[in-house]
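> when you get a sec, could you give me coordinates for this:
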Amino acid sequence: MIKKILNQPFVASLTKLSVNSAERVKTWNLRALWLQLSLAVILLSMIVICGESWETYSDLSEEYQEKLSIGKVHPSDTPPIGIALAQTLGALVVSIGLFISIFSLRKRLSAIRRSRITQIVMWIAAIGVLAAWLPTDFTTNFRDIQVSRIGEDPSVIAYLGKLFLIGILILSFPLMARLHFHSSIMDQYVVRVFLAPFAFTLIGFVAIWLIFDLTDNGPDFADAKVNLITILEFYFIQLPQVILFVLPVTLLLSLLYSLSRMSASNELISMLGAGRSMMRVLQPLFIIGLYCSLVCLVFKYHWAPKSVGTKEALLQAIHDGEFKEERSGGSKKKKKSSRWAKLGWMYVNPVDKRTWFVGRVPLDFTQKTMGSVAIWQFDKEQNLLTSWRGNSATWFFGNRTWKLYKGKTYTYGPDGIPSIQSWESLEIPGWRETPWKVVSASLNPEYMGIPELTTYLRTNADYDRKQLAPYRTNWWYCWAEPLSCLVMVLVSAPLGIVYSRRGVLGGVAASIFIFAAMYLLRGTFLAFGQSGQLPPFVAAWATNFIFAGVGAMLLYYRSQNRQPPNIKSILDGTYFRKLFNLSSA
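Alright, predicted model coming up:
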């Protein structure tokens, strides 16, 4: 019976098709498949963003035509189309790279030709992403960098530095692919052994963070009836900060595992016996550490600090019920956005004898006004003369005029009894306060990247040294923290190379101790720097310098096949006496 079924033409053809498909799967190149899948995801994301840009351009065009018909705009003030065109061009270039990879990498090719095609595809994709990203960012932000809209002194160089780092990061993918294909078989093997535990450890840490955060904030999401898009946005904006935090410890654990595994299987001894030095064997891992530092620098420059502040503002908006939908007359109505950077802030202008209280500081001044504003004017003897209280306040950078909405003016006479005047709006010209001056002191330096910190230091250069110490320290720390990845490689690589079971446990214990000491010293030095007791440069870089020296010493002893000195020999002076005897000999 079974034989009759198997001999049927349909079953026989289906069996033959399955066998042919299985044989074809065996010939697939998994690297090419991953490349094509990555390009498809990038292309799909760019198409979605491009569609939103064209939709925005269409809405602006309709609004422009309506205003033009009644003479409210000048004919030359057409909405910009450059962003949509740049994103369309970028998506087109990436699609070309995807098609080349699909139709060229499916065939049986030699390893050299496959590597060349892969590099070409990656260069095309990188150029496409750059063509879409840089013009969009430049068109969106460069005007605000040139023109101070809230009274700050922006730094064009700091903004261009952000674009430069973004370009370097995007181009680093084809550059690293070229370096990989031109490296030796031994280098490729060392990288392959390292990348497997590195990927699992990084994904594991991110998954643990996601589970804990969902456990903490999940009930708030459910109570506020937050949609899936908002939840994805909430976690996506936090990824740079999370990766920046877990990447050093990920490097530590993955290096310890991979190097101890290669040591236990005598692979490192075989490499050294083949004539390679210890530094040459570890060279690919140092390059990986330097590349991780580049990734962290790009994140720390702008996105990671901003993501912390955006997360807090988004959580506040969720708690305030921004995403709850109210039914009004059978239709759904969304509450007004309430994402604020800070609730309740006071600013004192000692020169003009004015005191400000801002109830709600906006996260983005270009999108919102300050809420619940109260201003008190005093004379030289600190007697209250006038106070203004409004629901909101806006500053117009063109004529540098403040405008308060829906409030009252209290004018105090000699007897202290005020006369009250109500108004829908009130313009006050001539004040030297700007939104930046009023709220800049409320900005947390930990929420600010290099462009924002540079702007703050330039605008508030008249502040004393102690007031600027936290911001100067964090400015240097934005450069120093990413280099901790390279320092971690310098420390963990020699500790992971062992030749006995006891050495593995000792290396793990020493690595954990060094990692804990790094974070303890880093927090201590930063606290001293932010309080003005240490120079900002020293406070930010001291930890890296100390442990880079420790790593270099450990690496030297390991490359000479010598045991590094233990703490006891250093404390009792045995190590220094031996060193003196060796030097005198």
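> and the helices in the stretch 1-150 of the chain?
Along the stretch 1-150 of the chain, the stretches classed as helices by DSSP state H, counting those that start in this stretch are 2-6, 9-26, 30-69, 82-104, 111-146.
> how about these, which one is nearest Val498?
Smallest distance to Val498 across the helices of the stretch 1-150 of the chain (CB to CB): 32.0 Å, for helix 30-69. Every C-beta, even on glycine, is put in place using the N, C-alpha and C of the backbone.
> where does the stretch 151-300 of the chain dip in pLDDT?
For the stretch 151-300 of the chain, the stretches flagged by pLDDT under 70 are 151.
> where does pLDDT dip in this protein?
Those would be 1-29, 71-77, 106-107, 143-149, 151, 319-343, 363-368, 441-442, 499-507, 563-585, if you go by pLDDT under 70 across the chain.
> what's the domain layout of it?
By the assignment in automatic domain parsing, the chain contains the domains 27-182, 209-338+441-585, 352-431.
> now distance to Phe194 and mean neighbour count too, for the ones you listed, in TSV please.
Formatted as TSV, the domains of the chain follow (distance: least, CB to CB, whole Å; neighbours: other CB atoms under 10 Å):
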stretch	distance to Phe194	mean neighbour count
domain 27-182	13	16
domain 209-338+441-585	5	17
domain 352-431	40	15
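> now these as CSV including distance to Phe200?
Compiled in CSV, those are given as follows (distance: least, CB to CB, whole Å):
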stretch, distance to Phe200
domain 27-182, 16
domain 209-338+441-585, 8
domain 352-431, 36
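> among those domains, which comes closest to Ala196?
domain 209-338+441-585 (7.9 Å).
> what are the ranges of the strands in the stretch 251-400 of the chain?
325-328, 331-334, 340-349, 354-362, 370-378, 384-396 (DSSP state E, counting those that start in this stretch).
> now render the ones you listed as a markdown table, adding distance to Phe525.
Formatted as a markdown table, the entries for the strands of the stretch 251-400 of the chain read as follows, by distance: least, CB to CB, whole Å:
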| stretch | distance to Phe525 |
| --- | --- |
| strand 325-328 | 48 |
| strand 331-334 | 46 |
| strand 340-349 | 27 |
| strand 354-362 | 30 |
| strand 370-378 | 36 |
| strand 384-396 | 38 |
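> and of the ones you listed, who's closest to Ala313?
strand 340-349 (6.0 Å).
> show me what contacts the closest residue to Val191 other than its chain neighbours?
Excluding the flanking residues, the one nearest Val191 by CB to CB, 6 or more residues apart in numbering is Pro284, at 5.0 Å. Taking CB atoms under 8 Å, 6 or more residues apart in numbering, we find Pro284 in contact with 183, 187, 190-191, 194.
> could you dump the residues you listed into JSON lines and include distance to Ser492 and secondary structure?
Shown next, in JSON lines, are the contacts of Pro284 (distance: CB to CB, whole Å; DSSP: H, G, I helix; E, B strand; the rest coil):
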{"residue": "Ser183", "distance to Ser492": "22", "secondary structure": "coil"}
{"residue": "Asp187", "distance to Ser492": "19", "secondary structure": "helix"}
{"residue": "Val190", "distance to Ser492": "15", "secondary structure": "helix"}
{"residue": "Val191", "distance to Ser492": "16", "secondary structure": "helix"}
{"residue": "Phe194", "distance to Ser492": "11", "secondary structure": "helix"}
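> quick one: which of those residues is most hemmed in?
Greatest neighbour count in the contacts of Pro284, by other CB atoms under 10 Å, goes to Val190: 24 neighbours.
> any idea how far the closest residue in space to it that isn't next to it in sequence is from Leu256?
Residue nearest to Val190 in three dimensions, not counting chain neighbours: Pro284, with 5.0 Å by CB to CB, 6+ apart. Distance from Pro284 to Leu256, counting by CB to CB, to the nearest Å: 16 Å.
> try Gln283
18 Å.
> so what touches stretch 100-115?
27, 29, 32, 35-36, 39, 117-118, 120-121, 124, 181.
> and the two most separated of those residues?
Thr27 and Ile124 (24.9 Å).
> out of the domains of the chain, flag the one nearest Ile203.
Per CB to CB, nearest to Ile203 of the domains of the chain: domain 209-338+441-585, 9.6 Å.
> related to what we said a few turns ago, now render the helices of the stretch 1-150 of the chain as JSON lines, adding distance to Ala461.
As requested, the helices of the stretch 1-150 of the chain are exported to JSON lines (distance: least, CB to CB, whole Å):
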{"stretch": "helix 2-6", "distance to Ala461": "86"}
{"stretch": "helix 9-26", "distance to Ala461": "65"}
{"stretch": "helix 30-69", "distance to Ala461": "38"}
{"stretch": "helix 82-104", "distance to Ala461": "34"}
{"stretch": "helix 111-146", "distance to Ala461": "18"}
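> for these, which one sits closest to Gly413?
helix 111-146 (44.0 Å).
> packing partners of the helix or strand just after that closest one?
Next in sequence after helix 111-146, counting helices and strands by DSSP states H and E, comes helix 156-181. Helices and strands touching helix 156-181, by 3 or more CB pairs under 8 Å, 6 or more residues apart in numbering; DSSP states H and E, are helix 111-146, helix 278-298, helix 450-459.
> in the stretch 451-585 of the chain, which spans are strands?
According to DSSP E, counting those that start in this stretch, the stretch 451-585 of the chain contains no strands.
> separation between the nearest residue to Arg400 once chain neighbours are set aside and Thr411?
Take Arg400 and drop its neighbours on the chain: the residue closest to it by CB to CB, 6+ apart is Pro429, 7.3 Å away. Separation of Pro429 from Thr411 (CB to CB): 18 Å.
> my guess is Leu272 meets Met279, correct?
No - counting by CB atoms under 8 Å, Leu272 does not reach Met279; the two are 11.0 Å apart.
> need the CA coordinates for stretch 530-540. PDB is fine.
What follows is stretch 530-540, C-alpha atoms only, in PDB (Å, rounded to 0.1, in the frame of the first residue of the first chain):
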ATOM      1  CA  GLN A 530      31.500  67.800  39.100                       C
ATOM      2  CA  SER A 531      32.000  69.300  42.500                       C
ATOM      3  CA  GLY A 532      35.000  71.300  41.200                       C
ATOM      4  CA  GLN A 533      37.600  69.500  43.400                       C
ATOM      5  CA  LEU A 534      39.300  67.900  40.300                       C
ATOM      6  CA  PRO A 535      40.000  69.400  36.900                       C
ATOM      7  CA  PRO A 536      37.300  68.100  34.500                       C
ATOM      8  CA  PHE A 537      39.800  66.500  32.100                       C
ATOM      9  CA  VAL A 538      41.500  64.500  35.000                       C
ATOM     10  CA  ALA A 539      38.100  63.500  36.500                       C
ATOM     11  CA  ALA A 540      36.900  62.100  33.100                       C
END
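> start the count at 38 instead of 1 going forward.
Will do, 38 is the new start, and the previous item becomes stretch 567-577.
> follow-up on the earlier one: turn the contacts of stretch 137-152 into JSON lines, including distance to Ile205.
Shown next, in JSON lines, are the contacts of stretch 137-152 (distance: CB to CB, whole Å):
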{"residue": "Thr64", "distance to Ile205": "37"}
{"residue": "Asn66", "distance to Ile205": "29"}
{"residue": "Ala69", "distance to Ile205": "26"}
{"residue": "Leu72", "distance to Ile205": "21"}
{"residue": "Gln73", "distance to Ile205": "25"}
{"residue": "Leu76", "distance to Ile205": "20"}
{"residue": "Ile154", "distance to Ile205": "24"}
{"residue": "Thr155", "distance to Ile205": "21"}
{"residue": "Ile157", "distance to Ile205": "20"}
{"residue": "Val158", "distance to Ile205": "20"}
{"residue": "Ile161", "distance to Ile205": "18"}
{"residue": "Phe218", "distance to Ile205": "20"}
